[in-house]
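Participant: Provided below for reference: sequence and predicted model.
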Amino acid sequence: PFIILHFSDLERYRRIWLNSPQYQTLTLFIQILPFFCEFFVYLCSYRNGNNNLIHNYINKMKRTLCFMALLAGAVIFASCSRSNGSITMGSKSQFDSLSYALGNNVGAGLNRMMSDIPFDFDAMTEGVTEGALGTAKMTHPEALDTLRTFFMVTRPERAQAIAKKNAMTPDSLKTPEESLADPAMFESEEERRFISYAFGIDLGNNMLGEDLPIQLVWFGQGLKDITGNREEARMTEQEAVKFLQNWFMVVRPAENKKANEEWIASIEKKSGVQKTESGLLYKIEKKGDETLMPTDSRDRVKVHYTGTNYKGQVFDSSYFENKPEEMKEYLKQIDPEGYDKDEAVEFELGQVIPGWTEGLKLIGKGGKITLWIPAELAYGRQARGKYILPNSALKFEVELEDVIPFVEETTPATTDEAAAATTQAANSALPVKK
């Protein structure tokens, strides 16, 4: 959930998750966990203007940014069906810098983090293309099963055997550190191609969750160039990092900001839409009980809601039928018996984004309201998954089921305090609440 955690379900979901296949898949990517931790440190330093820390992490972290993003999707949505969005084959006749830089970045990440594996990058590129276009020779779950076995069983055993062999090799004959990949990691060329192809399918499927305008022909070229003959590459590894840094942190947020501001401006012109001083747009569908309206940010409210972005893509909902398709599939997998429940969410009004806090004070219990929340009253420059990019304005349709007013807790006065208050009141002729 993007707005509120369903606290009552956390324990149930935890137990279901621990027994799910997706939890087992997670172990495939434990080796890159330290990179995730450093990446979040990098993002925090960026938002807080810590340029020294940025420079310390930029070379290491930006090189692995896209690689980690593509791999991470498999952990949660391993078997989900997705549309290919803006992913196309592209054309060799027109160079696409973004796709090439992404491929370059993924290849560079593989060279560093899995340098002991002599992948077949032609087979991997084939898998990426077919996985993204839905024409692969194996399903995504089958590819993940293959990778799970290889990374959790086969790779450790063979890596141990290779290390033992190298320990017996004279120093003068040892493989240089820059050429760590040992052919013995695979039993045959057929297995090498099979594992590489499965890895490509995983990457291709996870691209679908990133909502990026990727041209597969140039992604594949960037991947093969950086892992093959680097002298022929159109971008060096450092140039790709610099390009992606600018695209993700400058170009894409600016484009999204412009599109969302235009969307909000068009909504403001619609009949029945009103605007507050803060810039919040709203339309009251049903006023509700005006004697029971949230007035304090500490009030608790119980709501049903559906949230969409300017493209109309649903990113969250308390109604099962309104949830994104990948979330429906995921919930069905981890909770076959109760996955389709519609459950209203209860929370303290001041614990959510400012647009919600302000908007829900406009209706009472039983009321319905549509909110169009500008980015500055939502998440601002922060992203929240693939549907909420930096500078995103959001639309929410909200039904206010209940309001629980905040009650200030008072500490009972001591005997001496009560006596003093009574004496003071008597002297001033003011009433005292006993």
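Facilitator: Sure, I can see it.

Participant: Mind telling me what element residue 346 is part of?
Facilitator: Per DSSP states H and E, residue 346 falls inside strand 345-348.

Participant: Can I get that strand in CSV, CA atoms only?
Facilitator: These are the backbone C-alpha positions of strand 345-348, laid out as CSV (Å, rounded to 0.1, in the frame of the first residue of the first chain):
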residue,chain,number,x,y,z
VAL,A,345,-8.4,1.2,6.0
GLU,A,346,-8.2,3.1,9.3
PHE,A,347,-5.5,5.6,10.1
GLU,A,348,-4.7,8.9,11.8
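
Participant: Does anything pack onto the next helix or strand after that strand? Which helices or strands?
Facilitator: In the C-terminal direction, the helix or strand that comes right after strand 345-348 (DSSP H and E) is helix 354-359. Applying 3 or more CB pairs under 8 Å, 6 or more residues apart in numbering; DSSP states H and E, we find helix 354-359 packed against strand 368-373, strand 394-404. Quick note: C-beta positions are derived from backbone N, CA and C, even for glycine.

Participant: how about those, which one is nearest residue 121?
Facilitator: When the helices and strands packed on helix 354-359 are ranked by proximity to residue 121, the top entry is strand 394-404, at 40.2 Å, counting by CB to CB.

Participant: Going along the chain, name the helices of the stretch 301-434 of the chain.
Facilitator: All helices of the stretch 301-434 of the chain, identified by DSSP state H, counting those that start in this stretch, fall at 325-334, 354-359, 415-428.

Participant: before we move on, what about the stretch 101-250 of the chain?
Facilitator: Under DSSP H, counting those that start in this stretch, the stretch 101-250 of the chain gives helices at 121-133, 140-149, 155-167, 189-207, 216-227, 237-246.

Participant: can you put the ones you listed in CSV and add distance to residue 277 and mean neighbour count?
Facilitator: Output for those, formatted as CSV (distance: least, CB to CB, whole Å; neighbours: other CB atoms under 10 Å):
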stretch, distance to residue 277, mean neighbour count
helix 121-133, 46, 23
helix 140-149, 49, 18
helix 155-167, 60, 13
helix 189-207, 42, 23
helix 216-227, 46, 24
helix 237-246, 36, 18
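
Participant: looking at these, which one has the lowest mean pLDDT?
Facilitator: Among the helices of the stretch 101-250 of the chain, helix 155-167 has the lowest mean pLDDT, at a mean of 88.

Participant: Report the inter-axis angle for it versus helix 140-149.
Facilitator: With axes from the mean of the first three to the mean of the last three CA atoms, to 10 degrees applied, the angle from helix 155-167 to helix 140-149 works out at 40 degrees.

Participant: comparing the helices of the stretch 301-434 of the chain, which gets the lowest mean pLDDT score?
Facilitator: helix 415-428 (a mean of 51).

Participant: which residue sits closest to the residue positioned nearest the centre of the chain, ignoring its sequence neighbours?
Facilitator: Taking CA atoms, centre = their mean as the criterion, residue 385 is the residue nearest the geometric centre of the chain, at 3.2 Å. Once flanking residues are discounted, residue 385 sits nearest to residue 315: 6.5 Å by CB to CB, 6 or more residues apart in numbering.

Participant: show me what contacts that neighbour?
Facilitator: 2, 307-309, 324, 384-385, 387-388 (CB atoms under 8 Å, 6 or more residues apart in numbering).

Participant: Please report which of those has the highest neighbour count.
Facilitator: residue 307 (25 neighbours; other CB atoms under 10 Å).

Participant: quick revisit: any chance of the contacts of residue 315 in a markdown table, with distance to residue 125 too?
Facilitator: Formatted as a markdown table, the contacts of residue 315 follow (distance: CB to CB, whole Å):
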| residue | distance to residue 125 |
| --- | --- |
| 2 | 34 |
| 307 | 37 |
| 308 | 35 |
| 309 | 32 |
| 324 | 29 |
| 384 | 31 |
| 385 | 27 |
| 387 | 28 |
| 388 | 31 |
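
Participant: So among the residues you listed, where is pLDDT lowest?
Facilitator: residue 2 (34).

Participant: Out of the helices and strands packed on helix 354-359, the one nearest residue 280 is which?
Facilitator: strand 368-373 (6.3 Å).

Participant: Please consider this matter closed, and thank you.
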